[in-house]
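Chemist: Structure, please.
(2 chains)
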Amino acid sequence: MSQVRVRFAPSPTGFFHIGSARTALFNWLYARHTGGTFILRIEDTDKERNSEEFLRVIYDSLAWLGMGWDEGPRVGGNGGGDHGPYRQSERAHIYREYLEKLKAAGRTYEKDGATWFKLLGERHEVYDEHRKKTVTKVKTAPMVIEDAIRGRVERVEDEDFVIVRSDGNPVFHFVNVVDDIAMRITHVIRGEDHLSNTSKHVALFEAFGVKPPIFAHIPLILKQNGPGKMSKRDQGALIEEYQRRGYSPEAVVNFIALLGWNPGDDREKMPIAEIVRLFDLPAVNQSNARFDDKKMAHMNFLYLQELPAEDYLARARAQLAAAGSAAPAAGGAAEVEAYVREVLELARPKIKGLDELPAYTAYFWGEDYPTDEKAKAKVLGKGEPKARLAELVEALRAPAADFGSDAALEAVIKALAEARGLGFGDYQGVARMAVTGLSAGPSLTSILRLLGRERVVARLERFAAAL
RNA sequence: GCCCCUAUCGUCUAUCGGUUAGGACGGAAGAUUCUCAUUCUUCAAAGCGGGGUUCGAUUCCCCGUGGGGGCGCCA
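Modeler: Numbers count the residues shown, from 1 in each chain, chains lettered A, B, ... in the order given. Okay, here's the model as predicted:
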């Protein structure tokens, strides 16, 4: 059995869709699973777009998701190979060469300035109701598609089709097949939306006298709400969105791997090496999967919680910086570093995703933080907040209050409460609101300890004075 | 309209003819907790309809129906 060679062939549109990401992933997984070659081929025949900038989106997204390519454009250590160039815009001479082969075999003809591919069989004219025009049908034998996921699929291709436009540019079906032949692709793994087109491709392979590759048409990802497949306008459709929101790429990969594939048992969260080990084409589902952002978020949560401390710190800081947070940048004094680290670790188990971090930690980075007015009104509406605040100020100002440990602070507040026949909860709410502007967050005593006596007392007094 | 693919809880899915149809997300209830979140326990929730084949069908076949895709000088 020859080496597996698969390709991912995106066209640079300026977006990297989650569906594209999964197609890339399944190709990549199959290559890694079989020890084959993963090829990146850029389908940039549409010259009207600004390719350079749009190409970056593809390269960056693949890199972020951790999918390196063995052959393809040379970018950041990836690419190279003996079957280039890997951009269709640079392969015109190859298409010309293959077109000559077809011409020589008598399988083309010119019409309306374009070059058409000639199917084999009897011809007759028929009026197409749907397209409202007369078309020439060809009585052909069914094309057989050997699909690793769907089995044997037969489809009759009964109309000649254009392979080179009147402006001289070859069309997708033609270049796709030519490149797959020239690059010696063994398995074509792509979205099911191409299944109906595959009969055209098989006809071309046969015309070239080449045995078609094994096809594997993977199910599509449907939009979360409403009908149809996911499109770039749908929530959660773009990879850059996950990047921007601080999602773990490992979580995104794990999640999309599970959209249409599973290891055959109950496992969901799996290291990529394990997915590579278990992935195989016949195990891919045949029916479309609906996208679910809640489950995606949950997968991200799982990965976030187990991220090594250093990685978490770096990613959290990047997220804060991107959000314009006042959090100190890395490389400061050891004391500051320790503070940032502790604040971020305090927040970690409480958040679902890194995008919550800026709002969740705002009050740790300075005196300019927002107040949840609605929650504030609620807190002030019950009990005697003013009295409680005054008592807190007095107790926390006293040297006896040890800001060095959560337990000591808890003891101070509990003693205060006990002396008045109250509970910890009678102080917790107001204190939290006064010190953070929020009604929810990490443990109050941890917040107090980290902020320190001076800031805590100042905030309590300022808050009380405004009542 | 024609062609192709497809069909298990709301969603993602397990089951490769015989199961109390399992898991996960989401939902509900309870426990834990200084708030929130986590965590833990429990609960509700599915084989599209009709025919076959078979001792026996969620599972195999056919027909409907639903869903998806394709039918460009787009990719």
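Chemist: gap between the residue nearest to A:Lys211 when sequence neighbours are not counted and RNA strand B?
Modeler: Nearest non-adjacent residue to A:Lys211, counting by Cβ to Cβ, 6 or more residues apart in numbering: A:Phe205, 7.1 Å away. Heads up, the C-betas are built off the backbone N, CA and C, glycines and all. Between A:Phe205 and RNA strand B the computed distance is 16 Å (Cβ to the nearest atom of the strand, to the nearest Å).
Chemist: in the helix or strand hosting A:Phe205, what's buried?
Modeler: A:Phe205 belongs to helix A:198-207 when elements are defined using DSSP states H and E. When burial is assessed from 16 or more other Cβ atoms under 10 Å, helix A:198-207 yields the following buried residues: A:Thr198, A:Ser199, A:Lys200, A:His201, A:Val202, A:Ala203, A:Leu204, A:Phe205, A:Ala207.
Chemist: Stretch A:145-156 now?
Modeler: Under 16+ other Cβ under 10 Å, the buried positions of stretch A:145-156 are A:Ile145, A:Asp147, A:Ala148, A:Ile149, A:Arg150, A:Val153, A:Arg155.
Chemist: by contact count, what packs against the helix or strand bottoming out on mean pLDDT in chain A?
Modeler: The weakest-scoring helix or strand in chain A, judged by mean pLDDT, DSSP states H and E, is strand A:78-80 (a mean of 84). Counting contacts by 3 or more Cβ pairs under 8 Å, 6 or more residues apart in numbering; DSSP states H and E, strand A:78-80 is packed against strand A:72-75.
Chemist: I'd like the average pLDDT over the strand it packs on.
Modeler: For strand A:72-75, mean pLDDT rounds to 94.
Chemist: and that strand, how far out from the chain's middle?
Modeler: Centre-to-centre, strand A:72-75 and its host chain are 21 Å apart (Cα atoms, centre = their mean, to the nearest Å).
Chemist: ok, now stretch A:40-59?
Modeler: With Cα atoms, centre = their mean, you get 19 Å for stretch A:40-59.
Chemist: How far off centre is stretch A:55-70?
Modeler: That offset, for stretch A:55-70, works out to 12 Å (Cα atoms, centre = their mean).
Chemist: Buried residues, that stretch. List them.
Modeler: A:55, A:57-65, A:67-70.
Chemist: Now flag whichever of these is closest to RNA strand B.
Modeler: Nearest to RNA strand B out of the buried residues of stretch A:55-70 is A:Ile58 (Cβ to the nearest atom of the strand; 12.0 Å).
Chemist: How about that closest one: what's its closest non-neighbour residue?
Modeler: Closest to A:Ile58 by Cβ to Cβ, 6+ apart is A:Pro10, at 5.4 Å.
Chemist: now do A:Arg32
Modeler: Per Cβ to Cβ, 6+ apart, closest to A:Arg32 is A:Val276, 4.6 Å.
Chemist: quick one on the thing from earlier: so which residues make contact with the helix holding A:Phe205?
Modeler: A:102, A:105, A:107, A:117, A:119, A:140, A:143-145, A:153, A:155-157, A:161, A:163, A:173-174, A:176-177, A:181, A:211-212, A:215, A:217 (Cβ atoms under 8 Å, 6 or more residues apart in numbering).
Chemist: let's see it at 7 Å
Modeler: A:102, A:105, A:107, A:117, A:119, A:143, A:145, A:155, A:157, A:161, A:173-174, A:176-177, A:212, A:215 (Cβ atoms under 7 Å, 6 or more residues apart in numbering).
Chemist: Of those residues, which are in range of RNA strand B?
Modeler: A:Arg155, A:Phe161, A:His173 (Cβ under 7 Å from any atom of the strand).
Chemist: Who are the contact partners of the second one?
Modeler: When contacts are counted by Cβ under 7 Å, 6+ apart, A:Phe161 touches A:Trp116, A:Phe117, A:His173, A:Lys200.
Chemist: quick one, phi psi at it?
Modeler: Dihedral angles of A:Phe161 (phi, psi; degrees, to the nearest 10) stand at phi -140, psi 160.
Chemist: Give me the local confidence score for it.
Modeler: 96.
Chemist: And for the last one?
Modeler: Reading off the per-residue confidence, A:His173 sits at a pLDDT of 96.
Chemist: That one: which element?
Modeler: helix A:172-182.
Chemist: Packing partners of that helix?
Modeler: Under the contact criterion of 3 or more Cβ pairs under 7 Å, 6 or more residues apart in numbering; DSSP states H and E, helix A:172-182 touches helix A:92-104, strand A:161-164, helix A:198-207.
Chemist: export stretch A:202-216 as CSV, just CAs?
Modeler: Coordinates of the C-alpha atoms in stretch A:202-216 are reproduced here as CSV (Å, rounded to 0.1, in the frame of the first residue of the first chain):
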residue,chain,number,x,y,z
VAL,A,202,-14.5,10.9,-11.5
ALA,A,203,-15.3,11.5,-15.2
LEU,A,204,-12.2,13.7,-15.4
PHE,A,205,-10.0,11.1,-13.7
GLU,A,206,-11.1,8.5,-16.1
ALA,A,207,-10.6,10.7,-19.1
PHE,A,208,-7.0,11.2,-17.9
GLY,A,209,-6.7,7.4,-17.6
VAL,A,210,-6.0,7.8,-13.8
LYS,A,211,-7.6,5.7,-11.1
PRO,A,212,-9.6,8.1,-8.9
PRO,A,213,-8.5,8.5,-5.3
ILE,A,214,-10.5,7.2,-2.4
PHE,A,215,-13.1,9.8,-1.5
ALA,A,216,-14.3,10.5,2.0
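Chemist: as a whole number, average confidence for that stretch?
Modeler: 96.
Chemist: same thing with stretch A:268-284?
Modeler: For stretch A:268-284, mean pLDDT is 95.
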